[in-house]
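Chemist: Sequence and predicted structure are below.
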Amino acid sequence: MTLLALGIETSCDETAAAIVGADRKILSNVVFSQVLDHAVHGGVVPEIAARAHLNAINEVVAQALKQANVTFNDLGLIAATAGPGLIGGVMVGLMTGKALSAQLDKPFIGVNHLEGHALSPRLSHDLQFPYLLLLVSGGHSQILLAEGVGQYKLLGSTIDDAAGECFDKSAKLLGLPQPGGPELEKLARDAKNPARFDMPRPLIGKKTLDFSFSGLKTAMRERIDACTVDGNIKREDAADLASALQTTIAGHLSDRCKRALEEHRGVTALAAAGGVASNGVTRAMLELVAKNAGIPFVAPPSALCTDNGAMIAWAGIERFNMGQRDALDVAARPRWPLAENTVRIQS
Ligand code: KG4
Ligand code: ZN
């Protein structure tokens, strides 16, 4: 019978649990968003997040089992995010996973949240190593060479903000709710004149695989201020600005991936993961880059790009298949770089 894993994710503001099979079948993928809890504060408040995870986790796990039509006894593995993330939240999910593992006498694996994202394209697609991976989320923007499970070479990362942060902060300036990325994408669809606003192109001409997004945020603030009259911005101006920002971010991400592919031939695919990888314009541009390089573009569906339990269950399965079993003293880690033990390659 196929091994079934329970994956638990609580590193930010989503309480999530999923049941996934070693045959890559997702039997359930329950995500409980805390967005409303944080809305009045304009961002994720760690203490509120931890409390909300605690309140939701038992029900979310119960729902994941129910929707998958399985019981605890059917599980062969428990996996939970052990970091990086907001420590209070990570502890809630990690402790829940460990307690279940101890109580049910099932193997346990503490998963690196970033590895969850990094391996998610192998859950959604039949993808072989090595692949070039663009990992873009609310807290991270990295280009990695994924050579195997646990083998990631960092080729480039952001020198300031993350791509998702740039989407979120710009959306906030436009008065959109958080998380801002999907809202900004929606608004940009209404743009009548997407080419109207000129945006700076970060690190243009620089021979690097790194990203920079803080200048874009500043540029957005200046352009929004210029369009604001009596504290209001016209919807058509906001839509044109949203479109300009989205195109610039997508262009920056795909430009770096193009360069990375030129430097690292022999990969099976260009893959993208993390919340920002669900952005339609970004996906379209990356697809073109991959096509021009003669390789496929692989990105999970949106529900597997943003934080979820299925990617944690899958990363657990991948590690379990390599023989890993974690003791129950695995620590919760606020910081846990994915390429921790690998050397950064200079471009
Ligand atoms: O991976 P994720 O769910 O959480 C982290 O690990 O950070 O990524 C969340 C980020 C947020 O910044 C959110 O605004 C962004 O991903 N995001 C998007 C889209 N969907 C989510 N950004 C642009 N376009 C989207 N459609
Ligand atoms: Zn994430």
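Modeler: Received the coordinates, thanks. Numbering: from 1, shown residues only. Ligands and ions are numbered 1, 2, ... in the order given.

Chemist: Please name the bridge partners of the spatially closest residue to Arg319 that is not a sequence neighbour.
Modeler: Leaving out its chain neighbours, the residue that sits closest to Arg319 by C-beta to C-beta, 6 or more residues apart in numbering is Ile109, at 5.3 Å. Placement of C-beta: from N, CA and C, glycine included. Judged by DSSP bridges, the bridge partners of Ile109 are Ala79.

Chemist: residue contacts, Ile109?
Modeler: Ile109 makes contact with Leu77, Ile78, Ala79, Ala80, Ala315, Gly316, Arg319, Phe320, Gln324, Arg325, Asp326 under the criterion C-beta atoms under 8 Å, 6 or more residues apart in numbering.

Chemist: Let me know the closest of those to ligand 2.
Modeler: Among the contacts of Ile109, Ala315 lies closest to ligand 2 (C-beta to the ion), at 11.9 Å.

Chemist: My read is that that closest one contacts Pro121, right?
Modeler: No - contact criterion C-beta atoms under 8 Å: Ala315 and Pro121 do not qualify, at 11.8 Å.

Chemist: higher neighbour count, the two?
Modeler: Comparing Ala315 with Pro121 by other C-beta atoms under 10 Å, the one with more neighbours is Ala315, at 30 against 26.

Chemist: Please see if whatever helix or strand that one lives in touches ligand 1.
Modeler: Using DSSP states H and E, the element containing Ala315 is helix 310-321. No - residues of helix 310-321 contacting ligand 1 under C-beta under 6 Å from any ligand atom: none, with a closest distance of 9.3 Å.

Chemist: List the buried residues in that helix.
Modeler: For helix 310-321, the neighbour count (16 or more other C-beta atoms under 10 Å) marks Ala310, Met311, Ile312, Ala313, Trp314, Ala315, Gly316, Ile317, Glu318, Arg319, Phe320 as buried.

Chemist: Same check on stretch 151-159?
Modeler: Within stretch 151-159, the residues that qualify as buried are Tyr152, Lys153, Leu154, Leu155, Gly156, Ser157, Thr158, counting by 16+ other C-beta under 10 Å.

Chemist: What lies in contact with that stretch?
Modeler: Here stretch 151-159 makes contact (C-beta under 8 Å, 6+ apart) with 115, 118, 129, 133, 140-147, 208-213, 256, 260, 263-264, 337-339, 342-345, 347.

Chemist: From those residues, list just the buried residues.
Modeler: The neighbour count (16+ other C-beta under 10 Å) marks 115, 118, 133, 140-146, 209-213, 256, 260, 264, 337-339, 342, 347 as buried among those.

Chemist: Arg333 falls within a helix, correct?
Modeler: No - with DSSP: H, G, I helix; E, B strand; the rest coil as the criterion, Arg333 is located in coil rather than a helix.

Chemist: Just list the residues touching the closest residue to it other than its chain neighbours, thanks.
Modeler: Of all residues not flanking Arg333 in the chain, Gly83 sits nearest, at 3.2 Å (C-beta to C-beta, 6+ apart). Counting by C-beta under 8 Å, 6+ apart, Gly83 touches Ser11, Val90, Asn112, His113, Ala332, Arg333, Pro334, Arg335, Trp336.

Chemist: Let me know whether the third one touches Arg335 as I believe.
Modeler: No - between Asn112 and Arg335 there is no contact, the gap being 10.8 Å when judged by C-beta under 8 Å.

Chemist: which neighbours do the two share?
Modeler: The contact sets of Asn112 and Arg335 overlap at Gly83, Pro84 (C-beta under 8 Å, 6+ apart).

Chemist: which one of these two has more residues nearby?
Modeler: Neighbours around Asn112 and Arg335, counted as other C-beta under 10 Å, are more numerous at Asn112. The numbers are 24 against 9.

Chemist: Quick one: residues contacting the closest residue to ligand 2 within the stretch 101-250 of the chain.
Modeler: Using C-beta to the ion, the closest approach of the stretch 101-250 of the chain to ligand 2 is made by Ser137 at 4.3 Å. Remark: with contacts taken as C-beta under 8 Å, 6+ apart, Ser137 is in contact with His117, Ala162, Ala163, Gly164, Gly274, Gly275, Val276, Asp307.

Chemist: one step back: out of the buried residues of stretch 151-159, which are inside helices?
Modeler: Nothing among the buried residues of stretch 151-159 maps onto helices, per DSSP state H.

Chemist: Can I get the residues you listed in TSV including distance to ligand 2?
Modeler: TSV is the format used below for the buried residues of stretch 151-159 (distance: C-beta to the ion, whole Å):
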residue	distance to ligand 2
Tyr152	15
Lys153	20
Leu154	17
Leu155	20
Gly156	19
Ser157	15
Thr158	15
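
Chemist: for this structure, what are the low-confidence residue spans?
Modeler: Applying pLDDT under 70 to the chain flags residues 341-347.

Chemist: and the stretch 1-150 of the chain, which residues reach ligand 2?
Modeler: Within the stretch 1-150 of the chain, the positions adjacent to ligand 2 are Ser137 by C-beta under 5 Å from the ion.
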